[in-house]
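Peer 1: Structural data only, the sequence is not supplied:
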């Protein structure tokens, strides 16, 4: 007799203890390490235009309106009003390939933890946070919500989503994740932060991505297993081939398979970089790497890059 299925409410409840631990770690990082860098990392696209005013010494030269300056013969700059809150929208692309893991955690477990950390970071900073979970079976949208309790519940709902089955009756060409790109374009206010979390296999840019990248400030987060980068010489590993739509065995002792894998790594990196050409908008975290420390370094880099512009 099979065990009864776990209800969605029970799955949400089971994630709350983990999320409270993540929240404590995030709060400590914000107060002691990040300080104002989290919000500073999003400055620029998170500002609303107010009016054009005369440029005075000490103003940021990046705000100079060169068209108005040329027309009036003296420098003018754009004045902005900083938005009171940031809206974070997470796209979690739950592909079968995320279930691979050569160590203590699968890529999926590590990526869900990273998603939870980002959502708790938004909660601590009193932002709005939402998500879209996409899998081969469909999608679940949670529009951005505000407040610790609502964000905790939203994060628990995301972390409690069941993984897609390793086998499917669908043909390979239709067994990938289903992402409703048009719906995603309407799921959050303009200039929100869209963070796409996934495995990012070699792919072409999705149709509609250019619209999203203009509407939102986009970032790509992926988790990488050490064996993603290089096959072990003395192992045969089983992994999911998204092209074939099935599990395959890879032999690290085979020079042909190692060469093919190296080519796949290059193609995967090139695809990820093409979707997120700005190095400050993409993050790769290893499954054996501390996720919160990686996030802190990411925001440090973004803030430093903003100061240099």
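Peer 2: That came through fine. The structure presented is a predicted model; accordingly, all values stated were derived computationally and were not measured.
Peer 1: only C-alpha atoms for contact and neighbour calcs from this point on.
Peer 2: Fine.
Peer 1: May I have the residues that are in contact with residue 69?
Peer 2: Going by Cα atoms under 8 Å, 6 or more residues apart in numbering, residue 69 touches 75-76.
Peer 1: quick one, what contacts residue 268?
Peer 2: Residues counted as contacts of residue 268 (Cα under 8 Å, 6+ apart) are 200-203.
Peer 1: Going by neighbour count, which of these comes out on top?
Peer 2: The most crowded member of the contacts of residue 268, judged by other Cα atoms under 10 Å, is residue 200 (21 neighbours).
Peer 1: Can you tell me the SS state at that one?
Peer 2: Each residue gets one of three states, and residue 200 gets coil by DSSP: H, G, I helix; E, B strand; the rest coil.
Peer 1: how near is the residue of the chain most remote from its centre to residue 228?
Peer 2: Each residue of the chain has a distance to the centre, and by Cα atoms, centre = their mean the biggest one is for residue 73: 44.3 Å. Noted for residue 73: a distance of 57 Å to residue 228, by Cα to Cα, to the nearest Å.
Peer 1: ditto for residue 138
Peer 2: Distance, residue 138 to residue 228, by Cα to Cα: 26 Å.
Peer 1: between the two, who's got more neighbours?
Peer 2: Using other Cα under 10 Å, the more surrounded residue of residue 138 and residue 228 is residue 228, with 17 against 11.
Peer 1: doesn't residue 266 make contact with the more buried one?
Peer 2: No. Applying Cα atoms under 8 Å as the test, residue 228 and residue 266 come out as separate, 11.0 Å apart.
Peer 1: The closest residue to residue 159 other than its chain neighbours sits in which helix or strand?
Peer 2: Distance criterion Cα to Cα, 6 or more residues apart in numbering; nearest residue to residue 159, sequence neighbours excluded, is residue 112 at 6.1 Å. Assessed by DSSP states H and E, residue 112 sits inside helix 107-124.
Peer 1: Heading C-terminal from that helix, find the next helix or strand.
Peer 2: strand 128-135.
Peer 1: by contact count, what packs against that next one?
Peer 2: Where contact means 3 or more Cα pairs under 8 Å, 6 or more residues apart in numbering; DSSP states H and E, strand 128-135 is packed against strand 87-93, helix 107-124, strand 138-146, helix 148-159.
Peer 1: who touches the longest one?
Peer 2: For helix 107-124, the surrounding residues in contact (Cα under 8 Å, 6+ apart) are 19, 22-23, 26-27, 30, 88, 90, 92, 94, 98-101, 128-129, 146-148, 151-152, 155, 159, 197-198, 222-225, 287, 291-292.
Peer 1: Can you flag the buried ones in those residues?
Peer 2: Buried residues within these, defined by neighbour count using 16 or more other Cα atoms under 10 Å: 19, 22-23, 26-27, 30, 88, 90, 92, 94, 98-101, 128-129, 146, 148, 151-152, 155, 159, 197-198, 222-225, 287, 291-292.
Peer 1: now stretch 207-219: how far from the chain's centre is it?
Peer 2: 13 Å (Cα atoms, centre = their mean, to the nearest Å).
Peer 1: picking up where we left off before, confidence score at the residue nearest to residue 159?
Peer 2: The per-residue pLDDT reported for residue 112 equals 95.
Peer 1: and if you look at residue 37?
Peer 2: pLDDT, read off for residue 37, is 59.
Peer 1: same deal with residue 194?
Peer 2: As predicted, residue 194 sits at a pLDDT of 95.
Peer 1: part of a helix, is it?
Peer 2: No. Using three-state DSSP, the secondary structure at residue 194 is strand, not a helix.
Peer 1: residues in contact with it?
Peer 2: Residue 194 touches 88-91, 216-219, counting by Cα under 8 Å, 6+ apart.
Peer 1: same thing but 10 Å
Peer 2: 87-91, 130-131, 184-185, 188, 212-213, 215-220 (Cα atoms under 10 Å, 6 or more residues apart in numbering).
Peer 1: Residue 141 too?
Peer 2: The contact partners of residue 141, by Cα under 10 Å, 6+ apart, come to 89-91, 130-134, 158, 180, 183-184, 187.
Peer 1: hey, what's it bridged with?
Peer 2: residue 132 (DSSP bridges).
Peer 1: Tell me the spacing between it and residue 186.
Peer 2: Look at residue 141 and residue 186: by Cα to Cα, they are 11 Å apart.
Peer 1: Likewise for residue 95?
Peer 2: Noted for residue 95: a distance of 23 Å to residue 186, by Cα to Cα.
Peer 1: which of these two has more neighbours?
Peer 2: Between residue 95 and residue 186, residue 95 has the larger neighbour count (other Cα under 10 Å), namely 25 against 12.
Peer 1: quick one: low-confidence ranges for the protein?
Peer 2: Scanning the chain with the threshold set as pLDDT under 70 gives 1-14, 31-50, 58, 60, 80-85, 167-176, 240-246, 306-309.
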